[in-house]
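*Asks:* Here's my sequence, what's the structure:
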Amino acid sequence: MGNPESNEPRNLRRWALIIWPAFLAACLLQALIFAVIDPAEIQWPGQFWQPTRLGVYTIAFFLFWLINMVCSGLALWLAQPEQ
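*Replies:* Predicted structure coming up:
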């Protein structure tokens, strides 16, 4: 077994390959979606929790980022050569 510290730059590069493109895609998706939809006009079910416009932007951005990270990670995993 190799030294786990020798894999650290490789793992950091993998995470960068997942997180950075997903962040850029989330930014683009956020801009496209909210250019068409106004969060203040969305009718939420229930009366107890009505998020603010900024809250909707924040929740949507992190949700978009998470979905794009899963897609980026899956693409990176599928691109690995067979061993």
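*Asks:* what's the neighbour count on Phe64?
*Replies:* 19 (other CB atoms under 10 Å). Bear in mind the C-beta positions are built from the backbone N, C-alpha and C, glycine included.
*Asks:* So the residue lying closest to it once chain neighbours are set aside, which state does it fall into?
*Replies:* Distances taken as CB to CB, 6 or more residues apart in numbering place Ala26 nearest to Phe64, at 4.0 Å, with adjacent residues excluded. Recorded secondary structure, Ala26: helix (DSSP: H, G, I helix; E, B strand; the rest coil).
*Asks:* Hmm, Trp65 and Ala26 touching each other?
*Replies:* Yes - checked against CB atoms under 8 Å, the pair Ala26 and Trp65 is within contact range at 3.9 Å.
*Asks:* coming back round to it: who touches the residue nearest to Phe64 in this structure?
*Replies:* For Ala26, the contacting residues are Phe61, Phe64, Trp65, Asn68, by CB atoms under 8 Å, 6 or more residues apart in numbering.
*Asks:* now, which of those lie within strands?
*Replies:* Residues of the contacts of Ala26 located in strands (DSSP state E): none.
*Asks:* Could you single out the nearest of those to Ala79?
*Replies:* Set against Ala79, the nearest of the contacts of Ala26 by CB to CB is Asn68 (16.2 Å).
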